[in-house]
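Engineer: The following comprises the amino acid sequence and a computationally predicted model.
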Amino acid sequence: MNPSCEQVRALVPELALGIADAGERAAALEHVDSCPGCREALAELSKVVDDLLLLAPEAEPPLGFESRVMNRIAAEDARPGTVVPLTTRPPRRRRRRLAMTLAAAAIVIGATTAVVVNHNRNRAPVVATDRFATLHDAAGADVGKVIIHGGTEPWVFMAVRNGDGTEYRCELVLGDGTKVPIGSLKLTNGRGSWGGPTTVNVSKVRWVHVVDSDGSVFANATI
Amino acid sequence: MVAYGQEWSRQPIDAQPSDELLLVGYCLGDSAAATAFVRRFQRRVFGMALQMVSDPALAEDVAQEAFTRAYRHGQVFDARRGSVPTWLLAITRNLAIDALRMRRVEPMDPGVLAGLVPPSTRTEPERHAERADDATRMRQALASIPPDQARAVVLATFGGRTAREISEVENIPLGTAKTRIRDGLLKLRTHWTDEDVAR
């Protein structure tokens, strides 16, 4: 039986804390799915619980923790169907994941007026103003990705792989040919990344160049 | 024209880039960003896990899985709901609760958890509130509610204790435990909202 709003509201604190009895929880969440008022009440208290977590004391993890996490992340990518090296075309699922993560970051940065939010099952936002491009080297090989976020506070993120130098400059090239340096990235084992906000009007950006120390364009992305 | 940004590998771990941008790099699979991300949050994540499960080995399992989940499910991070740290800690907490229930391990001693409840400050003026960070503000909020309610909220939040378990630990009727949890959280929400308005 579908519980009433009153019954669900009484259970909302335990739902927010994730400690409600399994049977009660299932019925209450079914109600919450179809009741905006109860959903809002649950969201408000869930936010309080999330903020409470900031009180958790810090503790030094055991030696080697970081490398074990890295190994697990690498194992994630090595799982069948989830191989995502930037030198190859990421699977659709992966590209979508990246887009949504970036979208969330964009919202934090304050571009809320420029976004189109799609409330899907997971409440993952999609930002219409993000532009993705692949960096190609002179031979046409895929050597990285560029993401340009528009909106009121634009930012750029790029990742390079298979670089043959140690340090590159990053340039935005506008439609009129103006080149705007935005930063530099240092490569370790052929890989490096750069990201940050920019004052450039990103709607005028047509290309992104990754330039090596002698001024040659190592990689280009057409936006 | 000068722009500014961050090169992951050159940045001190605790300086820029922002948490959100670091999460982007982490989910992109950039190794430098991933290292920076883990280093920035590992003490919090492991601390959260240890606080809940009390066993260091199990806490490491939980913490590692939390970072893996963050990598796998980065798309569901919703910046409108909260910050990267709270999102990551919520993942950790949920995993710790699962671990407590599935492995039937003994949760953190309630007496230890009670140490998280700050001394009551209900009669004291809250000075410098406008400059306090979120954790400080939440600590102040927790201190502002009745201690029995604060204790119930802490036992549920950091101990994963159900209302029934809290009633047993506190030796109170189940209904009273539920009331303390509910009233405590509602007062925290009110305090939080008032603070937001005041800021």
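Structural biologist: Received, thanks.

Engineer: And residue 43, what's its pLDDT?
Structural biologist: Went with chain A since none was named. Per-residue pLDDT puts A:Ala43 at 90.

Engineer: think we crossed wires, I meant chain B
Structural biologist: Among the per-residue scores, B:Arg43 holds a pLDDT of 96.

Engineer: what does the one 4 residues further on give?
Structural biologist: Confidence per residue is given as pLDDT, and for B:Gly47 that number is 95.

Engineer: And for B:Ile166?
Structural biologist: On the pLDDT scale, B:Ile166 gets 92.

Engineer: A:Pro91 now?
Structural biologist: Value listed for A:Pro91 in the pLDDT field: 40.

Engineer: cool, B:Ala150 as well?
Structural biologist: Looking at B:Ala150, the pLDDT reads 92.

Engineer: so how far is chain B from A:Ala74?
Structural biologist: 9 Å (C-beta to the nearest C-beta, to the nearest Å). No exception for glycine: its C-beta is placed from N, CA and C like everyone else's.

Engineer: Okay, buried residues for the helix or strand containing that residue please.
Structural biologist: According to DSSP states H and E, A:Ala74 maps onto helix A:65-78. For helix A:65-78, burial by neighbour count (16 or more other C-beta atoms under 10 Å in any protein chain shown) applies to A:Phe65, A:Arg68, A:Val69, A:Ile73.

Engineer: Also stretch B:76-95?
Structural biologist: For stretch B:76-95, a neighbour-count test (16+ other C-beta under 10 Å) marks B:76-79, B:81-93, B:95 as buried.

Engineer: Tabulate the buried residues of helix A:65-78 (TSV), appending pLDDT.
Structural biologist: Below are the buried residues of helix A:65-78 laid out as TSV (pLDDT from 0 to 100):
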residue	pLDDT
A:Phe65	95
A:Arg68	94
A:Val69	94
A:Ile73	88
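
Engineer: want to try a markdown table for those residues, with distance to A:Ala141 as columns?
Structural biologist: Formatted as a markdown table, the buried residues of helix A:65-78 follow (distance: C-beta to C-beta, whole Å):
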| residue | distance to A:Ala141 |
| --- | --- |
| A:Phe65 | 36 |
| A:Arg68 | 33 |
| A:Val69 | 30 |
| A:Ile73 | 25 |
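
Engineer: just to revisit the earlier point, could you pick out which of the buried residues of stretch B:76-95 are located in helices?
Structural biologist: B:Val84, B:Pro85, B:Thr86, B:Trp87, B:Leu88, B:Leu89, B:Ala90, B:Ile91, B:Thr92, B:Arg93, B:Leu95 (DSSP state H).

Engineer: separation between the residue lying closest to the last one once chain neighbours are set aside and B:Gly47?
Structural biologist: To tie it back to what came earlier, the one meant is B:Leu95. The shortest distance from B:Leu95 to any non-neighbouring residue, by C-beta to C-beta, 6 or more residues apart in numbering or on different chains, is to B:Val62 (4.9 Å). Per C-beta to C-beta, to the nearest Å, B:Val62 is found 11 Å from B:Gly47.

Engineer: what about the two, which has more around it?
Structural biologist: When neighbours are counted by other C-beta atoms under 10 Å in any protein chain shown, B:Val62 and B:Gly47 differ, and B:Val62 comes out ahead with 27 against 20.

Engineer: Let me see the contact set for that one.
Structural biologist: Residues near B:Val62 by C-beta atoms under 8 Å, 6 or more residues apart in numbering or on different chains: B:Ala49, B:Met52, B:Val53, B:Thr92, B:Leu95, B:Ala96, B:Ala99.
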